[in-house]
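> what follows is a predicted protein model with its sequence.
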Amino acid sequence: MMTRRRASAGLVTSAILTAAPSLAATDSTVLELPPPRIDGGKPLIQTLRLRRSIREYSDRPLPVQVLSDLLWAAFGINRPSGDRTAPYWRHIMVIDVYAAMADGVWLYEPKRHVLLPHSRADIRAQTGLQDFVAGAPLNLVYVAHGERMRDIPANDRRLYASVDTGFIGQNVYLFCASEDLATVFRGAVNYEELDRTLQLEPDQFVTFAQTVGYPRG
Ligand SMILES: Cc1cc2nc3c(=O)[nH]c(=O)nc-3n(C[C@H](O)[C@H](O)[C@H](O)COP(=O)(O)O)c2cc1C
């Protein structure tokens, strides 16, 4: 399955500090993702025809190559400038993408295209109020960093962060439609509990979540 490389604790810690300053490393293992496949896929018009929300999931895990392709499509780097596959507010990247899977919670770090460890706990059931979230192989959790929007009032922070998240979510929808995967973007989340479970800082908050997996049946 995933290529695991033991990295030095210092390297991992500094990478985590860059991506999300307040998160503590809980392990020294970085999941290196294979390079994303950035050609192929279904034509856009066919993908748009297939895009839909699906709420019945197989428990089959996602192969690491699919995980790599998915995360790149979601919010990976698509230009030498470091800019992303989704647009974002004021050229400030306020959203980080977390991947909640059976083996723990991982933070996607687009610069190195790796997953950084956040927690060893399986929190999939806490990522939403619907039953299917616990058994699906992957729940993406979108986390906004209010501290990167210092001059914006709290209400507006949620607005801009939600718009940024929506673009990422649509990338995920289109990728899933192209790859015959199932997905649903979700606001039915116990936000207080999930913020606590993820040990977010006061200025950070979950915007939405999105389940991804293979359709059941
Ligand atoms: C902001 C937002 C929040 C949503 N929250 C949920 C949710 O919590 N649970 C769910 O099953 N679907 C959720 N959805 C998916 C919508 O129900 C779905 O997109 C809509 O019914 C249209 O269906 P379609 O995506 O298949 O076209 C959400 C969609 C959006 C845009």
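Structure received. Numbering: from 1, shown residues only.

> what about residue 138, neighbour count?
24 (other CB atoms under 10 Å). C-beta here means a position set from N, CA and C on the backbone, and glycine is covered the same way.

> so it sits right up against residue 62, yeah?
Yes: look at residue 138 against residue 62 with CB atoms under 8 Å: they come within range, at 5.8 Å.

> shared neighbours of these two, which are they?
Jointly contacting residue 138 and residue 62 under the rule CB atoms under 8 Å, 6 or more residues apart in numbering are 70, 212-213.

> output the residues you listed as TSV; include the columns secondary structure and pLDDT.
Formatted as TSV, the shared contacts of residue 138 and residue 62 follow (DSSP: H, G, I helix; E, B strand; the rest coil; pLDDT from 0 to 100):
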residue	secondary structure	pLDDT
70	helix	98
212	strand	98
213	strand	98
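
> mark which of the residues you listed are buried, thanks.
Buried by 16 or more other CB atoms under 10 Å: 70, 212-213, out of those.

> distance to residue 32 for these - can I get that in JSON lines?
Formatted as JSON lines, those follow (distance: CB to CB, whole Å):
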{"residue": "70", "distance to residue 32": "16"}
{"residue": "212", "distance to residue 32": "20"}
{"residue": "213", "distance to residue 32": "22"}
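
> burial of the closest residue to residue 108 other than its chain neighbours, as a residue count?
Excluding the flanking residues, the one nearest residue 108 by CB to CB, 6 or more residues apart in numbering is residue 97, at 4.4 Å. For residue 97, the neighbour count with other CB under 10 Å is 23.

> where in this protein is the helix or strand with the lowest mean pLDDT?
None of the helices or strands of the chain scores lower by mean pLDDT, DSSP states H and E than helix 9-19, at a mean of 30.

> ok so residue 169 is a helix residue?
Yes: Residue 169 sits within a helix when classified using DSSP: H, G, I helix; E, B strand; the rest coil.

> thought it was touching residue 208?
Yes: the criterion here is CB under 8 Å, and residue 169 meets it with residue 208 at 6.5 Å.

> ok, and what's touching stretch 64-71?
1-3, 31, 33-37, 62, 97, 99, 108, 110, 113, 115, 138, 172, 175-176, 179, 181, 212.

> re earlier: so the residue nearest to residue 108 belongs to a strand, correct?
Yes: under three-state DSSP, residue 97 falls within a strand.

> just checking, it touches residue 75?
Yes: the pair residue 97 / residue 75 is scored as a contact, 5.4 Å apart, by CB under 8 Å.

> got the contact list for the residue nearest to residue 108?
Contacts of residue 97 (CB under 8 Å, 6+ apart): 71, 74-75, 107-108, 140-143, 168.

> same question, residue 166
Residue 166 makes contact with 185, 208, according to CB under 8 Å, 6+ apart.

> helix or strand right after the strand or helix carrying it?
Assessed by DSSP states H and E, residue 166 sits inside helix 154-179. Next along the chain after helix 154-179, taking DSSP H and E as the criterion, comes strand 182-186.

> so which bits of the helix or strand following that following strand are buried?
Heading C-terminal from strand 182-186, the first helix or strand you meet, by DSSP H and E, is helix 191-197. Buried residues in helix 191-197, counting neighbours by 16+ other CB under 10 Å, are found at 194-195, 197.

> nearest to residue 203, of the residues you listed?
Within the buried residues of helix 191-197, the smallest distance to residue 203 is 10.9 Å, found for residue 195 (CB to CB).

> next, count neighbours for the closest residue to residue 214 other than its chain neighbours.
With CB to CB, 6+ apart as the criterion, residue 214 has its nearest non-adjacent residue at 4.4 Å, and that residue is residue 58. Using other CB under 10 Å, residue 58 is surrounded by 14 other residues.

> that's all I had, so thanks and see you.
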